[in-house]
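Q: Sequence and predicted structure, then a few things I'm wondering about:
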Amino acid sequence: MIKKPNEKIIRYSASVRINHWLMVIFFLFTAISGLGFFFPSLNWLMNILGTPQLARVLHPLLGAVMFVLFVGMFVRYFKHNFIEKQDIVWAKNIGKILKNEEAGDVGQYNLGQKGVFWLAAVCLFLLLVSGIIIWRPYFADYFPIPIIRLALLLHSVAAIGLIMTIIIHVYAAIWVKGSIRAMVEGWVTRAWAKKHHPRWYREIVEREKPRQEKSG
(Lines give C-alpha, C1' and ligand atoms only; values in the text may rest on other atoms or scores of the structure.)
Protein backbone atom coordinates (compact mmCIF):
# COMPACT_ATOMS: atom_id res chain seq x y z
CA MET A 1 0.00 0.00 0.00
CA ILE A 2 1.32 3.44 -0.94
CA LYS A 3 1.45 5.78 2.00
CA LYS A 4 -0.32 9.12 1.88
CA PRO A 5 2.22 11.86 1.06
CA ASN A 6 3.18 14.42 3.67
CA GLU A 7 1.20 17.67 3.43
CA LYS A 8 4.40 19.72 3.47
CA ILE A 9 6.78 20.13 0.53
CA ILE A 10 10.29 21.47 1.01
CA ARG A 11 10.76 24.48 -1.26
CA TYR A 12 13.98 25.95 0.14
CA SER A 13 16.76 24.14 1.98
CA ALA A 14 18.34 25.55 5.13
CA SER A 15 21.46 26.65 3.21
CA VAL A 16 19.35 28.57 0.67
CA ARG A 17 17.37 30.29 3.42
CA ILE A 18 20.51 31.28 5.31
CA ASN A 19 22.03 32.65 2.09
CA HIS A 20 18.84 34.61 1.37
CA TRP A 21 18.55 36.21 4.81
CA LEU A 22 22.24 37.09 4.90
CA MET A 23 21.69 38.86 1.58
CA VAL A 24 18.75 40.71 3.12
CA ILE A 25 20.91 41.92 6.03
CA PHE A 26 23.77 43.05 3.81
CA PHE A 27 21.35 44.68 1.37
CA LEU A 28 19.68 46.72 4.12
CA PHE A 29 22.96 48.02 5.51
CA THR A 30 24.36 48.74 2.04
CA ALA A 31 21.20 50.35 0.66
CA ILE A 32 20.50 52.52 3.70
CA SER A 33 24.07 53.80 3.94
CA GLY A 34 24.11 54.31 0.17
CA LEU A 35 20.99 56.49 0.34
CA GLY A 36 22.87 58.57 2.90
CA PHE A 37 25.63 59.15 0.33
CA PHE A 38 23.21 59.92 -2.48
CA PHE A 39 20.89 62.43 -0.79
CA PRO A 40 22.43 65.20 1.36
CA SER A 41 19.23 65.44 3.41
CA LEU A 42 19.65 61.75 4.29
CA ASN A 43 23.28 61.92 5.37
CA TRP A 44 22.19 60.80 8.83
CA LEU A 45 21.40 57.36 7.39
CA MET A 46 25.11 56.69 7.17
CA ASN A 47 25.09 56.40 10.96
CA ILE A 48 23.63 52.91 10.53
CA LEU A 49 27.25 51.84 10.08
CA GLY A 50 28.51 53.87 13.03
CA THR A 51 29.78 57.14 11.58
CA PRO A 52 29.89 58.67 8.09
CA GLN A 53 33.62 57.99 7.94
CA LEU A 54 33.15 54.36 8.90
CA ALA A 55 30.28 54.07 6.44
CA ARG A 56 32.57 55.08 3.58
CA VAL A 57 34.90 52.23 4.53
CA LEU A 58 32.25 49.57 5.17
CA HIS A 59 29.73 50.37 2.41
CA PRO A 60 31.79 48.94 -0.48
CA LEU A 61 32.89 45.94 1.60
CA LEU A 62 29.28 45.10 2.50
CA GLY A 63 28.29 45.52 -1.14
CA ALA A 64 31.03 43.13 -2.26
CA VAL A 65 29.88 40.49 0.25
CA MET A 66 26.27 40.92 -0.92
CA PHE A 67 27.38 40.31 -4.50
CA VAL A 68 29.26 37.13 -3.52
CA LEU A 69 26.18 35.84 -1.68
CA PHE A 70 24.05 36.52 -4.76
CA VAL A 71 26.49 34.65 -6.99
CA GLY A 72 25.89 31.56 -4.85
CA MET A 73 22.14 31.93 -5.36
CA PHE A 74 22.55 32.73 -9.05
CA VAL A 75 24.59 29.60 -9.77
CA ARG A 76 22.03 27.47 -7.98
CA TYR A 77 18.89 28.87 -9.60
CA PHE A 78 19.68 30.50 -12.96
CA LYS A 79 18.64 27.34 -14.86
CA HIS A 80 15.13 27.68 -13.39
CA ASN A 81 14.76 31.29 -14.52
CA PHE A 82 14.84 31.09 -18.30
CA ILE A 83 11.75 32.48 -20.04
CA GLU A 84 9.40 29.75 -21.30
CA LYS A 85 6.21 29.55 -23.34
CA GLN A 86 4.05 29.20 -20.23
CA ASP A 87 5.52 32.45 -18.89
CA ILE A 88 3.86 34.25 -21.81
CA VAL A 89 0.54 32.65 -20.86
CA TRP A 90 1.10 33.86 -17.29
CA ALA A 91 1.81 37.40 -18.49
CA LYS A 92 -1.29 37.49 -20.72
CA ASN A 93 -3.41 36.63 -17.70
CA ILE A 94 -1.94 39.29 -15.41
CA GLY A 95 -5.48 40.35 -14.47
CA LYS A 96 -6.08 36.98 -12.84
CA ILE A 97 -2.70 37.13 -11.14
CA LEU A 98 -3.60 40.46 -9.51
CA LYS A 99 -6.73 38.78 -8.12
CA ASN A 100 -4.50 36.10 -6.55
CA GLU A 101 -5.58 33.58 -9.17
CA GLU A 102 -3.07 31.60 -11.18
CA ALA A 103 -2.76 31.03 -14.92
CA GLY A 104 -0.47 28.92 -17.04
CA ASP A 105 1.44 25.77 -16.23
CA VAL A 106 3.99 27.51 -14.01
CA GLY A 107 7.18 25.69 -13.02
CA GLN A 108 9.38 26.45 -10.04
CA TYR A 109 9.15 30.21 -10.69
CA ASN A 110 6.67 32.41 -12.53
CA LEU A 111 7.52 35.23 -14.92
CA GLY A 112 7.35 37.86 -12.19
CA GLN A 113 9.84 35.99 -10.03
CA LYS A 114 12.11 35.45 -13.02
CA GLY A 115 11.97 39.16 -13.78
CA VAL A 116 13.05 40.00 -10.23
CA PHE A 117 15.87 37.46 -10.48
CA TRP A 118 17.32 38.88 -13.71
CA LEU A 119 16.83 42.52 -12.73
CA ALA A 120 18.64 41.89 -9.44
CA ALA A 121 21.44 40.12 -11.32
CA VAL A 122 21.91 42.99 -13.79
CA CYS A 123 21.75 45.68 -11.10
CA LEU A 124 24.21 43.88 -8.84
CA PHE A 125 26.64 43.33 -11.71
CA LEU A 126 26.50 47.03 -12.62
CA LEU A 127 26.92 47.98 -8.97
CA LEU A 128 29.98 45.77 -8.70
CA VAL A 129 31.69 47.12 -11.83
CA SER A 130 30.90 50.77 -11.13
CA GLY A 131 31.66 50.32 -7.43
CA ILE A 132 35.15 49.05 -8.17
CA ILE A 133 35.83 52.04 -10.43
CA ILE A 134 34.82 54.58 -7.75
CA TRP A 135 36.28 52.67 -4.76
CA ARG A 136 38.77 54.91 -3.02
CA PRO A 137 41.57 54.60 -2.14
CA TYR A 138 42.04 51.25 -3.87
CA PHE A 139 40.95 51.51 -7.51
CA ALA A 140 39.67 55.00 -8.35
CA ASP A 141 43.16 56.38 -8.98
CA TYR A 142 43.54 54.02 -11.95
CA PHE A 143 40.65 55.62 -13.88
CA PRO A 144 40.27 59.08 -15.47
CA ILE A 145 37.79 61.55 -14.00
CA PRO A 146 35.21 61.20 -16.84
CA ILE A 147 35.07 57.43 -16.29
CA ILE A 148 34.66 57.92 -12.54
CA ARG A 149 31.80 60.38 -13.10
CA LEU A 150 30.09 57.94 -15.47
CA ALA A 151 30.59 55.14 -12.94
CA LEU A 152 29.04 57.28 -10.18
CA LEU A 153 25.96 57.88 -12.35
CA LEU A 154 25.72 54.19 -13.27
CA HIS A 155 26.16 53.18 -9.63
CA SER A 156 23.35 55.48 -8.53
CA VAL A 157 20.94 54.32 -11.26
CA ALA A 158 21.69 50.63 -10.59
CA ALA A 159 21.25 51.16 -6.84
CA ILE A 160 17.83 52.76 -7.32
CA GLY A 161 16.90 49.96 -9.74
CA LEU A 162 17.90 47.31 -7.21
CA ILE A 163 15.99 48.99 -4.38
CA MET A 164 12.84 49.20 -6.51
CA THR A 165 13.27 45.55 -7.56
CA ILE A 166 13.55 44.44 -3.93
CA ILE A 167 10.46 46.47 -2.99
CA ILE A 168 8.50 44.64 -5.72
CA HIS A 169 9.94 41.34 -4.49
CA VAL A 170 8.84 42.01 -0.90
CA TYR A 171 5.38 43.17 -1.98
CA ALA A 172 4.84 40.04 -4.08
CA ALA A 173 5.98 37.82 -1.19
CA ILE A 174 3.44 39.47 1.11
CA TRP A 175 0.71 39.37 -1.55
CA VAL A 176 1.01 35.62 -2.15
CA LYS A 177 0.18 34.07 1.20
CA GLY A 178 2.63 31.32 2.13
CA SER A 179 5.63 32.75 0.28
CA ILE A 180 7.28 34.30 3.33
CA ARG A 181 6.78 31.13 5.35
CA ALA A 182 8.54 29.21 2.58
CA MET A 183 11.65 31.37 2.97
CA VAL A 184 11.48 31.35 6.78
CA GLU A 185 10.60 27.72 7.48
CA GLY A 186 11.46 26.19 4.11
CA TRP A 187 8.17 24.47 3.29
CA VAL A 188 4.87 25.04 1.48
CA THR A 189 1.64 23.06 1.51
CA ARG A 190 0.76 20.80 -1.40
CA ALA A 191 -2.31 22.93 -2.08
CA TRP A 192 -0.10 26.04 -2.33
CA ALA A 193 2.34 24.33 -4.70
CA LYS A 194 -0.47 22.92 -6.86
CA LYS A 195 -2.15 26.33 -7.15
CA HIS A 196 0.84 28.60 -7.71
CA HIS A 197 3.41 26.27 -9.34
CA PRO A 198 1.50 23.29 -10.81
CA ARG A 199 4.31 22.00 -13.05
CA TRP A 200 6.81 22.15 -10.20
CA TYR A 201 4.28 20.31 -8.02
CA ARG A 202 3.93 17.53 -10.57
CA GLU A 203 7.71 17.19 -10.73
CA ILE A 204 7.83 16.82 -6.94
CA VAL A 205 5.09 14.16 -7.06
CA GLU A 206 6.92 12.22 -9.78
CA ARG A 207 10.13 12.22 -7.72
CA GLU A 208 8.22 10.98 -4.69
CA LYS A 209 6.64 7.98 -6.42
CA PRO A 210 9.69 5.62 -6.28
CA ARG A 211 10.19 6.33 -2.58
CA GLN A 212 6.52 5.78 -1.82
CA GLU A 213 6.49 2.48 -3.71
CA LYS A 214 9.55 1.27 -1.82
CA SER A 215 8.04 2.16 1.55
CA GLY A 216 4.56 0.94 0.62
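A: Right, received. Where do you want to start?
Q: what's around Trp200, how many residues?
A: 19 (other CB atoms under 10 Å). Backbone N, C-alpha and C define where each C-beta goes, glycine included.
Q: er, Tyr109 I mean
A: Other residues lying near Tyr109 total 18 when counted by other CB under 10 Å.
Q: ditto for Lys114
A: Lys114, neighbours per other CB under 10 Å, totals 20.
Q: By residue count, tell me the biggest helix in this structure.
A: helix 145-175 (DSSP state H).
Q: After it, which helix or strand is next?
A: helix 179-185 (DSSP states H and E).
Q: what residues does that following helix touch?
A: Contacting residues not belonging to helix 179-185 are listed as Arg11, Tyr12, Arg17, His20, Trp21, Ala172, Ala173, Ile174, Trp187, Val188 [CB atoms under 8 Å, 6 or more residues apart in numbering].
Q: Filter those residues down to the buried ones, ChimeraX style.
A: Buried residues among these (16 or more other CB atoms under 10 Å), as a ChimeraX selection:
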select :11,12,17,173,187,188
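Q: The contacts of helix 179-185 in strands, which ones?
A: Under the assignment DSSP state E, these contribute Trp187, Val188 to strands.
Q: and the spatially most central residue of the chain, how far is that from Ile166?
A: Residue closest to the mean C-alpha point of the chain, counted by CA atoms, centre = their mean, is Phe117 at 5.6 Å. For Phe117, the distance to Ile166 (CB to CB, to the nearest Å) stands at 12 Å.
Q: same thing with Ile10?
A: Distance from Ile10 to Ile166, by CB to CB: 25 Å.
Q: Which of those two has more residues huddled nearby?
A: Taking other CB under 10 Å, Ile10 and Ile166 do not tie; Ile166 has more neighbours (19 against 13).
Q: What pLDDT is listed against that one?
A: As predicted, Ile166 sits at a pLDDT of 96.
Q: try Ser215
A: The model's pLDDT for Ser215 equals 58.
Q: would CSV of the contacts of helix 179-185 with distance to Trp90 and pLDDT be doable?
A: Below are the contacts of helix 179-185 laid out as CSV (distance: CB to CB, whole Å; pLDDT from 0 to 100):
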residue, distance to Trp90, pLDDT
Arg11, 19, 95
Tyr12, 21, 95
Arg17, 25, 96
His20, 23, 96
Trp21, 28, 97
Ala172, 13, 90
Ala173, 17, 92
Ile174, 20, 92
Trp187, 24, 96
Val188, 18, 96
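Q: between the contacts of helix 179-185, which is closest to His59?
A: Set against His59, the nearest of the contacts of helix 179-185 by CB to CB is Trp21 (20.2 Å).
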